[in-house]
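Trainee: sequence and predicted structure below; questions after.
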Amino acid sequence: MVKTQTLHSFAAQKNALLNVLTRKIAATKVTNLNVAFDNKYSVRLDSITDLLNAIESKFRKCETLFYTYFQDIDHNILAGNITSLPFEMDCTLIDGTSTLKYYYKVDDKSSYKEMIDLNFQNFILMLASLYENLVLLAEIFIKKVMIYVKQPLSSPLHDYLTYLKRLIDLGYRQNDKLNRCMVSFDPFFTRYLLQINNLRNRFIHGYTLNLQTDGFSYFVKKMEGTAFSQTSPELIIDQFTEHVLNNTRDFIRELFVALKESSTHHRKSIPA
């Protein structure tokens, strides 16, 4: 398989957000409201730039894994059929002015399966880390949603959305640009976030692969409490990773815009 793909960029949305941030800092329109909970919420240009760059880098890593291992996955080999071996991938990725090449050739079904299993785990863990970075970004720009006596090590997006909804239901927060952004992706979040969060926890704390074949397609195992059935077509690994990647890309762009618009007005301080 020979192919060329272009990686996505968030430069326009990222730069617009940084421009607002720069103006607010210059006008001393920043407060320490969120810093009272943890210094990591301080409004600093250098740390927020690093955070935005990390978000972009982690998304590119997820894209790279998808294009290299999942987009053209060979389900027959994963079902035990060796007729299509060896499997060969020659993938060129274009990232701005940079070109990255990924080449591999596998002539053993067990090795191919192991490679797919490992890189799916990498995909999920990178995605979960990316989501936690998006939560941190929102918690810097907007008055805090998640408040703990003792700050946890991680803040999953699934938990953040639950807290945000409860605060709005209680009347403690308005249905603002941030919430409208979240609501617009509610079908995706409702369907996939718990699945991703449970996979992340299983990969970190467990030992199972969380992938299986029905003899035809390679599936992501259904996690407890999710809306999927055991054999939902959406859980076929190439479909699952593609749908997650596309929605995550769109969500990142919309979240950057929502945070910018929430902070733009001259009377607004950050956190807004």
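Mentor: Structure received. Numbers count the residues shown, from 1 in each chain.
Trainee: centre of the chain to the strand or helix carrying residue 114, how far?
Mentor: Assigned by DSSP states H and E, residue 114 falls within helix 109-141. Centroid displacement of helix 109-141 relative to its chain, using CA atoms, centre = their mean, to the nearest Å, is 7 Å.
Trainee: same thing with stretch 105-118?
Mentor: Distance, centroid of stretch 105-118 to centroid of chain: 25 Å (CA atoms, centre = their mean).
Trainee: quick one on the thing from earlier: show me what the next helix or strand after the helix holding residue 114 is packed against.
Mentor: Once helix 109-141 ends, the next helix or strand along the chain (criterion: DSSP H and E) is helix 157-169. Packed against helix 157-169 by the contact rule (3 or more CB pairs under 8 Å, 6 or more residues apart in numbering; DSSP states H and E) you find helix 109-141, helix 177-184, helix 186-205. Glycine gets a C-beta too; all of them are placed from N, C-alpha and C.
Trainee: got the buried residues for stretch 79-96?
Mentor: Judged by neighbour count (16 or more other CB atoms under 10 Å), stretch 79-96 contains these buried residues: 85, 87, 89, 91, 93.
Trainee: may I have stretch 250-268 as CSV, with CA atoms only?
Mentor: What follows is stretch 250-268, C-alpha atoms only, in CSV (Å, rounded to 0.1, in the frame of the first residue of the first chain):
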residue,chain,number,x,y,z
ASP,A,250,-13.6,19.5,14.5
PHE,A,251,-14.1,19.8,18.3
ILE,A,252,-10.6,21.2,18.8
ARG,A,253,-11.2,23.9,16.2
GLU,A,254,-14.6,24.8,17.6
LEU,A,255,-13.3,24.9,21.2
PHE,A,256,-10.5,27.2,20.3
VAL,A,257,-13.0,29.5,18.6
ALA,A,258,-15.4,29.4,21.6
LEU,A,259,-12.6,30.2,24.1
LYS,A,260,-11.5,33.1,21.9
GLU,A,261,-15.0,34.5,21.5
SER,A,262,-15.6,34.1,25.2
SER,A,263,-12.6,36.3,26.0
THR,A,264,-12.6,38.9,23.2
HIS,A,265,-14.8,41.6,24.6
HIS,A,266,-12.8,44.6,26.0
ARG,A,267,-14.6,44.3,29.3
LYS,A,268,-13.7,40.6,29.7
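Trainee: what about stretch 21-34, start to end distance?
Mentor: Terminal residues of stretch 21-34 are spaced 16 Å apart (CA to CA, to the nearest Å).
Trainee: contacts for that stretch next, please.
Mentor: In this structure, residues lying in contact with stretch 21-34 by CB atoms under 8 Å, 6 or more residues apart in numbering are 41-43, 45, 48, 139-140, 143-144, 263, 268-271.
Trainee: remind me which residues of the stretch 51-200 of the chain are low pLDDT?
Mentor: Within the stretch 51-200 of the chain, not a single segment meets pLDDT under 70.
Trainee: ok, so what distance separates the nearest residue to residue 193 once chain neighbours are set aside from residue 120?
Mentor: Nearest in space to residue 193, with sequence neighbours left out and distances taken as CB to CB, 6 or more residues apart in numbering, is residue 158 at 4.5 Å. For residue 158, the distance to residue 120 equals 19 Å [CB to CB, to the nearest Å].
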